[in-house]
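A structural model of the following input is requested.
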Amino acid sequence: MFIQEKLVILSTKGRLAGSNLRMAESVNIGKRVVGEGKPVFIIAEISANHGQDFDRAVELVRKAKECCADAVKFQAYTPDTLTIKNIFA
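The predicted model follows:
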C-alpha cells in the first residue's frame, strides 16, 4: 500500500505559502469539462447588482446568457452583514 503524505505550509499570516498538493488537470461543472485545452468556461459576475430584486436578477441572468456566459455568480448580502458591530457602544 502506498500512502502519500499531504503537506501544506502556511505563512505567519495564515496564507498558503506552499504545498505538495496538485491541482486537478480538469474539473467537471455540470456536463462541461473545464481545463487546459478545453473551451473557456465563462462565469458572469452579477454580484449584488440585482439589488435584492428577483425580477432584476432574472433579467441579469438572461443578459448573461445572451453574452454566452456558462454560469453566473451572485452575492446576496446587506451592508449590515459586512461590518463588525461595535461591542463597546
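
can you pull out the helices in this protein?
54-66 (DSSP state H).

what's the closest non-adjacent residue to S26?
G35 (2.9 Å; Cβ to Cβ, 6 or more residues apart in numbering). (Each C-beta comes from the backbone N, C-alpha and C, glycine too.)

quick one: contacts for the one you found?
Contacts for G35 (Cβ atoms under 8 Å, 6 or more residues apart in numbering) come out as A24, E25, S26, V27.

what do you get if the cut-off is 7 Å, keeping everything else the same?
Going by Cβ atoms under 7 Å, 6 or more residues apart in numbering, G35 touches E25, S26, V27.

ok, it to I42 distance?
15 Å (Cβ to Cβ, to the nearest Å).

likewise for G30?
Taking Cβ to Cβ, one finds G30 at 14 Å from I42.

the two: which is more packed in?
A count of neighbours by other Cβ atoms under 10 Å puts I42 above the other of G30 and I42, at 12 against 9.

so what pLDDT did that one get?
I42 carries a pLDDT score of 92 in this model.

what do you get for the one 3 residues further on?
On pLDDT, E45 comes in at 88.
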